[in-house]
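1. pasting the structure only:
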């Protein structure tokens, strides 16, 4: 697998992590079958894609980028879907996570 494809799989895996978190919230403790199934399916998909990406990428950089994508995406979806607060300070910290993701990507081998 090429490094470029591995990075693409990693980003898709991070996006699916966000879908998983949102669907888990909507499942209301796994009491709503449709959302529960979506949650479990996206969980399986993002773990599989992460594993595939790790075949070609350094563990430390890949895992940190994946976690950052999931964290930033989850915060933004929380604001958009659930009305969670967004403050300048919170935006600043999101920016720091994004800067870290970009930095790790640029310095990976």
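-> Looks like it came in fine. Owing to the predicted nature of the structure, the values given are computational and were not obtained by experimental measurement.

2. residue ranges with poor pLDDT in this structure?
-> 109 (pLDDT under 70).

3. locate the residue of it with the greatest distance from its centre.
-> The C-alpha centroid of the chain is most remote from residue 31, which lies 23.7 Å away (Cα atoms, centre = their mean).

4. state the distance from the most centrally placed residue in the chain to residue 20.
-> In the chain, the centroid-proximal residue (Cα atoms, centre = their mean) is residue 70; its distance is 2.3 Å. Distance from residue 70 to residue 20, counting by Cβ to Cβ, to the nearest Å: 8 Å. (C-beta placed from N, C-alpha, C; glycine too.)

5. ok, the residue nearest to residue 94 when sequence neighbours are not counted - contacts?
-> Spatial nearest neighbour of residue 94, excluding adjacent residues (Cβ to Cβ, 6 or more residues apart in numbering): residue 72 at 5.6 Å. Taking Cβ atoms under 8 Å, 6 or more residues apart in numbering as the criterion, residue 72 is in contact with 94, 97, 98, 101.

6. closest to residue 81 out of the residues you listed?
-> Set against residue 81, the nearest of those by Cβ to Cβ is residue 94 (16.1 Å).
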